[in-house]
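**Student:** this is the structure alone, sequence omitted:
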């Protein structure tokens, strides 16, 4: 399973929704099943279309390999963990989103549309801020290790080239020019793949040389891509795939799974389950949830971010009045006695005489939704168990490889000592030759000095 957030974050939300409900996928194939799993598409379009932010929505895609289609129970747990991370520390009812399932034969994709607003405070909410991979990749790795799904980290599943398709739905219908651009990219990638399979390309330098014979190479130092510039297109074209990787070697093509790839089976999933990997990824996942929860509290739940009734009414153009009335009705039902309020709520509530004028609905809802002490203790116990599992797994791996590593290190140390001894012998020989040369030079200088003195003495005697 892979997860990614699309770059398109603005535009008509109805177009983005049209991609999710359309019967044609990006490869121009008809989908077998389109199902709304959760959320209200009408609310998504209605809320998103009224926002004045630069980025009004986010599109998240989760895709499984052929044969790895999740069951309804598995999908429910995956979406639960996704919402736990996306809305960390906050009630999902504060946000507007919808989830669609797309099925084509034995291939399943999940598309989630998020409206970038907190309905309570009316503030911008970014479900995938810059460097979102640091938070969502542990979520991806945890699910793959738990259910035995194919992982993008598996080198045998790497694609030699990544085909390019015209963009649909959330981006816009492609023009003929953009379509021909994708055709050109696919043509160039196929040409380079043929050369790599024939052995004409052996590394990144050979790839750049092959491209430079026909095309203008625009960027050759990308980690996993190379870009070329064609006269008929204004922007450079990026070429992606295993052969365009910075560390490409011909042996990598031999390690790939046969193409076309076979459909994965339940036996493959059982073999790929990794409890140690799941525990390690869960630790990172829980850490990401805590980081995002703290950020969400500071921005949306802290006292300085209170959203008063006056502010909500004044911004009614961006959030519907029925939602405001429902929020204020829920706030009015909150008891005023101190015994019914959690202990932490006394830090952010206002005096009784001011509560009717300015209720902090977001903070109250968050405090009422806080887990019980027993649930907190259970969560901490699960986290400690996950950490201990990781430590035990790593310890077992270290013990298995310790003897081999020690022998290898000793052998390398012996080789280094032998080379050092040879260097010392060569240096000693050089010093010995230099010492003999200096002694000979000193003797010659002494002999010449004595001869000079004798010559001068003879001259004086003759005079």
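**Tutor:** Sure, I can see it. Values in this document were obtained by computation on a predicted structure and should not be read as measured data.
**Student:** element containing residue 58, please.
**Tutor:** Assessed by DSSP states H and E, residue 58 sits inside strand 57-63.
**Student:** who are the packing partners of that strand?
**Tutor:** The contact analysis (3 or more CB pairs under 8 Å, 6 or more residues apart in numbering; DSSP states H and E) places strand 57-63 against strand 2-5, helix 13-21, helix 72-86, strand 107-115. Any C-beta I mention is one placed from the backbone N, CA and C, and that applies to glycine too.
**Student:** tilt between the second one and strand 57-63?
**Tutor:** Per axes from the mean of the first three to the mean of the last three CA atoms, to 10 degrees, the angle that helix 13-21 makes with strand 57-63 is 10 degrees.
**Student:** quick one: the helix or strand just after helix 13-21 to strand 107-115, angle?
**Tutor:** Under the assignment DSSP H and E, the closest C-terminal helix or strand after helix 13-21 is strand 33-39. Here strand 33-39 runs at an angle of 40 degrees relative to strand 107-115 (the same axes, to 10 degrees).
**Student:** ok, now which ones touch the closest residue to residue 112 other than its chain neighbours?
**Tutor:** With CB to CB, 6 or more residues apart in numbering as the criterion, residue 112 has its nearest non-adjacent residue at 4.2 Å, and that residue is residue 60. When contacts are counted by CB atoms under 8 Å, 6 or more residues apart in numbering, residue 60 touches 3, 4, 5, 6, 82, 111, 112, 113, 114, 127, 128.
**Student:** secondary structure element for the closest residue to residue 9 other than its chain neighbours?
**Tutor:** Spatial nearest neighbour of residue 9, excluding adjacent residues (CB to CB, 6+ apart): residue 55 at 3.8 Å. In this assignment (DSSP H and E), residue 55 forms part of neither any helix nor any strand.
**Student:** kindly indicate whether residue 227 is helix, strand or coil.
**Tutor:** At residue 227 the chain is in strand, as set by DSSP: H, G, I helix; E, B strand; the rest coil.
**Student:** closest one to residue 263 among the helices and strands packed on strand 57-63?
**Tutor:** Nearest to residue 263, of all the helices and strands packed on strand 57-63, is strand 107-115, at 9.4 Å by CB to CB.
**Student:** which residues are in contact with that closest one?
**Tutor:** So strand 107-115 is contacted by 13, 16-17, 19-20, 37, 39, 44, 47-48, 51, 56-66, 68-70, 75, 78-79, 82, 86, 95-103, 127 (CB under 8 Å, 6+ apart).
**Student:** what is the orientation angle of that strand with helix 72-86?
**Tutor:** With the same axes, to 10 degrees defining the directions, strand 107-115 sits at 30 degrees from helix 72-86.
**Student:** how far off centre is strand 107-115?
**Tutor:** The chain centroid and the centroid of strand 107-115 are separated by 17 Å under CA atoms, centre = their mean, to the nearest Å.
**Student:** sheet partners, orientation included, of that strand?
**Tutor:** Strand 107-115 has the following strand partners under DSSP bridges: strand 57-63 (antiparallel), strand 97-104 (antiparallel).
**Student:** tell me which of those sits most buried.
**Tutor:** Across the strands paired with strand 107-115, averaging neighbours per residue (mean count of other CB atoms under 10 Å) puts strand 57-63 on top, at a mean of 21.
**Student:** remind me, longest helix of the chain?
**Tutor:** Using DSSP state H, we find that the single longest helix of the chain is helix 373-462.
**Student:** before I go, just wanted to say thanks for your time.
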